[in-house]
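> my questions are about this predicted structure, shown below with the sequence.
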Amino acid sequence: MQTDLKLREGTDLNLPRRKVWPVFKQQKYLFLLMLPALIWAILFAYAPMAGLYMSFVNYQPTLGRFWYSLFHSEFVGLQWFRYFFNNGDFLIIMRNTLASTLITLLFSFPMPILIALAINEIKNVQFKKIVQTSSYLPYFISWVIAANIIVTLLSSDGAVNALLKFFHLTNESILFLQNGKYFWWIVALGNTWKDMGYSSIMYLAAISSINPELYEAAKVDGANRFKQIRYITFPHLKPTIVILLILAMGGILNAGFDQHFLLGNDLTKDYSDVLSTYSFRYGIQNGMFSYASAVGMFSSVVAFIIVVIVNQIAKKINGQSLF
Amino acid sequence: MKNQKTLTEHLFDAALYLFLTCIFLVTFYPFWNILIISLNDATDSLRGNLYFWPREFTTASYITIFRNPEIWSALQVTALRTVIGTAMSIICISMLAYSLSKRYLLGWKYFSFFFVFTMYFGGGLIPTYMVIKALGLIDSFWVFIFPGLIGVFLMILVRTFIEQLPGEIEESAKIDGANDLQVFVRIVLPLCVPVLATIGLFLAIGHWNAWYDSYIYTYKPELKTLQAVLVKILNQFQTGAMMTDAQQLAQNAKRIPVSSESIRMAVTMVATLPIIMVYPFVQKYFVKGIMMGAIKS
């Protein structure tokens, strides 16, 4: 019993090598429980990472099985990366990716804050419930369903065109999805529509943790509701806002695959092609595996670096790591 | 002075109600719109202008799609993957969460990093496709289950929950001679039911909504999930919008008359309905889930 407890307490100390085996035997069932996940991580997370080696070779699928062909294909160094940066596509793809994520941020960042503040100010519980229930729903449907809905709403005789005509904002139906200049805005509003209700929960949680006595004291001092929002609610939300904004910046290269793939079409390709859909098209559809892999690797490496930087900033501001 | 104050406050209230009513309409109306189009006569829907109420009410579109073998098989595959995938993920995630909740585990730091790292970096689309192909999972039902088996974020939720359980129960069982496996199955798992229900909902919704794996990794029609069929219908519709009448007529001769918005909307409704049905439970649990995630991250 004595040794047993000691081994349990001997957490992650650097045990002398001869003691590792007895501890491992002691904990064999814990390792057994971890085994399926370990196999999963190796097969479906780390093997693809090793597969990124594709980006540095001229991968020939005809040589044989994947791993064999991978390590027997000609090594080309950074050729595919250079090819990506130097052909005209790079600028267009980066422009589309950044435009899509930044315009999305423009709407999807303030909306949840406004919703949370408004819901917090409403006294009617029933009304609150209805609005919340309805606003969370789009988050839980797939982008396939969302895209189907958006296509219907934006069609030439759809509800959006009807509304615009009703207010005499347009006389002829606007072909939203056949015209590239609307594309980023459609994706941005679609993203916002899907996520704003759900994201507002974070802010509502932050608001609910504010001490109610602060409001009582403010009322006694004669502060009206604007002043209460201005001087109590908002300052308490600020840390949450800052952290979520920094986190959102971390996803700046991650323009979702689904929405661009499902809403884009041949007519809007010049605006809808982002890093992930571009890599998909060249890899899966055109069979340029190494090139597509290099594009994907560029995007995940840069995204990873951004997340690490963002984490450092958040640590400095918040005093705690996000990891 | 006092009157003026109440007046502005009344205006403020009115603005709040107006704003939130807009939010309600924007999020609710689209679902209403697809419902009424799906309940309208398919041919009549081609005339458009359906906004508030079906013009010619009929459930014919639903009958059509439920008689369609493609949709029927897709429904079965989707239901099967949702049940099997969710169950297997819950089991494997809770197993991992239990072993990682023990900080005295040999090499805990390294194993934790090993799993958390996969949240932030991955091989990406193409290498993943190649690996899945090399594993022989193309055109296999298991391609829906294995690649997404572990959700590291969900594992962290479960681990946090286990760490908050009172340690005495486990300790007393250990003194009675139970090993880790027995403690996990008989003591920890039953206590974890609330958090497992929460992640189960997330996993089930994820499985129901997944389309990419079926779209990319399967070719056999009998392995297409409902969402993948819906992608196909959407693609046909999108190209349909750019096609000539002759091409559209040829299209209509195929199995699903996709040019009919009613049919497309009916399939969309069928794909949405299960989500709406589990929604009350989701609302009960997911706030807790997102809160736990917020604390952790």
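Structure's in. What do you need?
> leaving out chain neighbours, which residue sits closest to B:Leu189?
B:Ser94 (6.6 Å; Cβ to Cβ, 6 or more residues apart in numbering or on different chains). For every residue, glycine as well, the C-beta is placed using N, CA and C.
> isn't that neighbour right up against B:Cys192?
Yes - at 6.2 Å, B:Ser94 counts as touching B:Cys192 under the criterion of Cβ atoms under 8 Å.
> in what helix or strand does B:Ile156 lie?
Under the criterion of DSSP states H and E, B:Ile156 resides in helix B:152-164.
> report the buried residues of whichever helix or strand comes after that helix.
Downstream of helix B:152-164, the first helix or strand assigned by DSSP H and E is helix B:167-175. Across helix B:167-175, burial judged by 16 or more other Cβ atoms under 10 Å in any protein chain shown covers B:Glu170, B:Ala173, B:Lys174.
> can you dump the C-alpha atoms of helix B:167-175 in PDB for me?
Output of helix B:167-175 as PDB, limited to C-alpha atoms (Å, rounded to 0.1, in the frame of the first residue of the first chain):
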ATOM      1  CA  GLY B 167     -11.800  11.800  -5.200                       C
ATOM      2  CA  GLU B 168     -12.900   9.900  -2.100                       C
ATOM      3  CA  ILE B 169     -15.300   7.600  -4.000                       C
ATOM      4  CA  GLU B 170     -12.500   6.400  -6.300                       C
ATOM      5  CA  GLU B 171     -10.100   6.100  -3.400                       C
ATOM      6  CA  SER B 172     -12.400   3.900  -1.300                       C
ATOM      7  CA  ALA B 173     -13.000   1.600  -4.300                       C
ATOM      8  CA  LYS B 174      -9.300   1.300  -4.800                       C
ATOM      9  CA  ILE B 175      -8.800   0.400  -1.200                       C
END
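> now it, how far from the centre of its chain.
With Cα atoms, centre = their mean, to the nearest Å as the basis, helix B:167-175 stands 37 Å off its chain's centre.
> now the helix or strand just after that helix: average pLDDT?
Next along the chain after helix B:167-175, taking DSSP H and E as the criterion, comes helix B:180-182. For helix B:180-182, mean pLDDT is 92.
> so which residue of chain B comes closest to chain A?
In chain B, the residue that lies nearest chain A is B:Gly123 (2.5 Å; Cβ to the nearest Cβ).
> ok so, going back, quick check: neighbours shared by B:Ser94 and B:Cys192?
Counting by Cβ atoms under 8 Å, 6 or more residues apart in numbering or on different chains, the contacts common to B:Ser94 and B:Cys192 are B:Val158.
> the two: which is more packed in?
In terms of neighbours (other Cβ atoms under 10 Å in any protein chain shown), B:Ser94 is the more surrounded of B:Ser94 and B:Cys192; the figures are 24 against 20.
> tilt between the host helix or strand of that one and helix B:152-164?
B:Ser94 belongs to helix B:69-100 when assigned by DSSP H and E. Here helix B:69-100 runs at an angle of 40 degrees relative to helix B:152-164 (axes from the mean of the first three to the mean of the last three Cα atoms, to 10 degrees).
> elements contacting the longest helix seen in chain A?
When chain A is parsed with DSSP state H, its longest helix is helix A:289-318. Using 3 or more Cβ pairs under 8 Å, 6 or more residues apart in numbering or on different chains; DSSP states H and E, the elements in contact with helix A:289-318 are helix A:79-86, helix A:234-250, helix A:275-280, helix B:125-134.
> can you tell me which of those is most buried?
helix A:275-280 (a mean of 25; mean count of other Cβ atoms under 10 Å in any protein chain shown).
> ok, and what's touching that one?
So helix A:275-280 is contacted by A:89, A:93-94, A:97, A:253, A:255-257, A:260-261, A:264, A:292-293, A:295-296, A:298-299, B:124-126 (Cβ under 8 Å, 6+ apart).
> can you tell me which of those residues are buried?
By 16+ other Cβ under 10 Å, the contacts of helix A:275-280 give A:93, A:97, A:253, A:255-257, A:260-261, A:264, A:292-293, A:295-296, A:298-299, B:124-126 as buried.
> tell me the residue of chain A that sits nearest chain B?
The nearest approach of chain A to chain B comes at A:Pro48, 2.5 Å away (Cβ to the nearest Cβ).
> so how far is A:Tyr278 from that residue?
Going from A:Pro48 to A:Tyr278 by Cβ to Cβ, to the nearest Å gives 19 Å.
> repeat for B:Leu35
In terms of Cβ to Cβ, B:Leu35 sits 36 Å off from A:Tyr278.
> thinking again about what came up before, which parts of the longest helix of chain A are buried?
For helix A:289-318, burial by neighbour count (16+ other Cβ under 10 Å) applies to A:289-300, A:303-304, A:306-307, A:310-311, A:314.
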